[in-house]
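Peer 1: can you look at this prediction? I've put the sequence above it.
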Amino acid sequence: IMENPGGNQTPIVELILIGFGNGPELQPFLFLLFLVIYLAAVAGNLLIVVLVVADRHLHTPMYYFVANLSTVEISYVSTTLPRLIGSLATGDRTISLQNCYVQFHFCVILSTTQGHLLTAMCIDRYLAICHPLRYPALMNGRVCCHMVAWAWIIAISYTIMLEMLSLQLTFCGPKEFNHYFCDFAPTNSFCGESKTLSIGTNYVSIILINMNFLLSLTSYTCILISILRIRSSTGRQKAFSTCSSHLIVVTVNNMCVITNYVVPVFRPSPLLYKILSVFYGNVIPLINPVLYSLRNKEVSQALRTAIQKLAAFRH
Ligand SMILES: *[C@@H]1O[C@H](CO)[C@@H](O)[C@H](O)[C@H]1NC(C)=O
């Protein structure tokens, strides 16, 4: 049982999110920066979702996964950034502990779902490339729906488990929280008789992350092997071009997940951790739609068609 340093004081009901310091000259710049990141991430991902829903050519499991991932990205930036942007604008950095918990739980649900969706995308590409003949039978709308549903079910049950744990804990400070959103994962802000429970959730999260990671790695390896086996270089290029944007997105995301979990072990400075988590949580969602729309013929074709339709509609 840990000592509760704040035991005799009034319980903490409000936190101060330190964010990116309080240098007044930096705030307008940060405000603009995060506003631009937020708007661009939402607009780009929204565009992907609209294209996939509207264009019949994109009604395939691969793009359903992409659209679902974009939905998750929109929700993720919308749980973390608006509050930060607001506090940069007003200078008010307080947040109630209640809101902090809500934000934290949404972040956990969304980032866990994101991890599962990325794995599902890997498996989808693996089946398409390594078992092209059986692909239509193995991966159809129904299977895709199930995979998406399970991504959410696992993430939500994991978060409920986390919720049970945090109900038994008291938040004992410090009141100044050195991050830009309520991410309790890298901190030691709780006290109570919870050691075993917290070890339990740690194991579960490690199992989930490793499971995703191993599945992705296996799928990659098989994809690479079968691409390298193709004799003709045009065939190789064709196989590679159908999955290169996915591979890039999944690689970048997995590398970020790894940094996000490995870096805390080395106890980095809070600033470095914050920058990494901005990159991981908010810049990557920005990159995904760019990767898909610029590198992918089907998506850029759908975009062109949509623009033509819009132009025709206006005349
Ligand atoms: C997410 O996936 C489901 C199941 O495949 C699909 O029906 C749905 O349209 C997808 N969501 C979006 C926003 O495209």
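Peer 2: Great, that's in hand.

Peer 1: adjacent strands (with direction) for the helix or strand bottoming out on mean pLDDT in the chain?
Peer 2: The helix or strand of the chain with the lowest confidence, counting by mean pLDDT, DSSP states H and E, is strand 190-191 at a mean of 72. For strand 190-191, the paired strands and their directions (DSSP bridges) are strand 170-171 (antiparallel).

Peer 1: report pLDDT for the closest residue to the ligand within the chain.
Peer 2: Among all residues of the chain, Ala67 sits closest to the ligand, at 3.1 Å; criterion: C-beta to the nearest ligand atom. Using the backbone N, CA and C atoms, a C-beta is placed for each residue, glycine as well. In the predicted model, Ala67 carries a pLDDT score of 92.

Peer 1: give the buried residues for the helix or strand where it lies.
Peer 2: Element membership for Ala67 (DSSP states H and E) is helix 61-90. Across helix 61-90, burial judged by 16 or more other C-beta atoms under 10 Å covers 61-77, 79-81, 83-85, 87-88.

Peer 1: what's the following helix or strand after it?
Peer 2: Using DSSP H and E, the helix or strand that follows helix 61-90 in sequence is strand 94-96.

Peer 1: contacts for that next one next, please.
Peer 2: 13-17, 83, 103, 182 (C-beta atoms under 8 Å, 6 or more residues apart in numbering).

Peer 1: what is the rounded mean pLDDT of the helix or strand just after it?
Peer 2: Sequence-wise, the next helix or strand downstream of strand 94-96 (DSSP H and E) is helix 97-130. Averaging pLDDT along helix 97-130 yields 88.

Peer 1: stretch 245-253 now?
Peer 2: 77.

Peer 1: ok now that stretch, how far from the chain's centre?
Peer 2: The chain centre lies 13 Å from the centre of stretch 245-253; the measure is C-alpha atoms, centre = their mean, to the nearest Å.

Peer 1: list of residues touching it?
Peer 2: Residues contacting stretch 245-253 (C-beta under 8 Å, 6+ apart): 62, 114, 118, 121-122, 125, 216, 220, 223, 284, 287-288, 291-292, 295-296.

Peer 1: just the buried residues of those.
Peer 2: Among these, those buried by neighbour count (16+ other C-beta under 10 Å) are 62, 114, 118, 121-122, 125, 216, 220, 223, 284, 287-288, 291-292, 296.

Peer 1: out of the residues you listed, who's nearest Arg229?
Peer 2: Using C-beta to C-beta, Ile223 is the member of the buried ones among the contacts of stretch 245-253 that sits closest to Arg229, with 10.8 Å.

Peer 1: for that closest one, list the residues it contacts.
Peer 2: Taking C-beta under 8 Å, 6+ apart, we find Ile223 in contact with 125-126, 129-130, 243, 247.

Peer 1: which two in these are spaced the farthest apart?
Peer 2: Cys130 and Leu247 (13.6 Å).

Peer 1: what residues does the most centrally placed residue in the chain make contact with?
Peer 2: Geometric centre of the chain, nearest residue: Ser111, 4.3 Å, by C-alpha atoms, centre = their mean. Going by C-beta under 8 Å, 6+ apart, Ser111 touches 76, 281.

Peer 1: packing partners for the helix holding Ala67?
Peer 2: Contacting helix 61-90 under the criterion 3 or more C-beta pairs under 8 Å, 6 or more residues apart in numbering; DSSP states H and E are the following elements: helix 27-54, helix 97-130, helix 141-167, helix 284-295.

Peer 1: reformat these as a markdown table; add distance to Ala312.
Peer 2: Listed next are the helices and strands packed on helix 61-90 as a markdown table, based on distance: least, C-beta to C-beta, whole Å:
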| stretch | distance to Ala312 |
| --- | --- |
| helix 27-54 | 15 |
| helix 97-130 | 34 |
| helix 141-167 | 30 |
| helix 284-295 | 21 |
